[in-house]
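[1] here's my sequence, what's the structure:
(one chain, ligands or ions: 1)
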Amino acid sequence: MSTLTIYPTTVETLLADSEGFIFQVIGSHGDIYIVGYDYVDGWFCPCPDHIYRRRECKHIRACKNELDLNHICVSDDLFCEVTA
Ligand SMILES: [Zn+2]
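    Sure, this is the predicted structure:
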């Protein structure tokens, strides 16, 4: 029994190199988001939560969790500038 299922998503690392990461995040409804992290520009997710509210969405949190599991540290509060 677990009450800590806070990441109802599947995260797959598509790319990891010296510039950052690209993840494929599959949401709880089967929706797919490509989430990126760039060491210069920060996190980016194409979902409305991130683009319009400019905050850390659940997809980014899921990716951070994935990095945590692999003991990779990245900046917590760095976001891409989004010009809508
Ligand atoms: Zn998102």
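[2] secondary structure element holding A16?
    In this structure, A16 sits in strand 10-17 according to DSSP states H and E.
[3] whatever helix or strand comes next after that strand pairs with which strands, and in what direction?
    Per DSSP H and E, the first helix or strand lying C-terminal to strand 10-17 is strand 20-26. Within its sheet, strand 20-26 is paired with strand 10-17 (antiparallel), strand 32-38 (antiparallel), according to DSSP bridges.
[4] which parts of the strand holding A16 are buried?
    By neighbour count with 16 or more other CB atoms under 10 Å, strand 10-17 contains the buried residues V11. Bear in mind the C-beta positions are built from the backbone N, C-alpha and C, glycine included.
[5] residues touching that strand, excluding its own?
    Contact partners of strand 10-17, identified using CB atoms under 8 Å, 6 or more residues apart in numbering, comprise 21-26, 34, 62-63, 65-66.
[6] give me the low-pLDDT residue ranges for this structure?
    Scanning the chain for pLDDT under 70 picks out 1-8, 75-84.
[7] ok so, going back, could you give me the ChimeraX selection string for whichever of the contacts of strand 10-17 are buried?
    Buried residues within these, by 16+ other CB under 10 Å, are selected in ChimeraX with:
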select :21,22,23,24,25,26,62,63,66
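[8] so how far is the lengthiest helix in the chain off the chain centroid?
    The residue-count maximum for a helix in the chain (DSSP state H) belongs to helix 58-69. With CA atoms, centre = their mean, to the nearest Å as the basis, helix 58-69 stands 6 Å off its chain's centre.
[9] stretch 42-50 now?
    8 Å.
[10] kindly report the same for stretch 49-64.
    7 Å.
[11] buried residues in stretch 53-70, which are they?
    Of the residues in stretch 53-70, those buried (16+ other CB under 10 Å) are 56-64, 66-67.
[12] can I get the residues you listed in TSV with distance to the ion?
    TSV is the format used below for the buried residues of stretch 53-70 (distance: CB to the ion, whole Å):
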residue	distance to the ion
E56	9
C57	3
K58	6
H59	3
I60	6
R61	9
A62	9
C63	9
K64	12
E66	14
L67	15
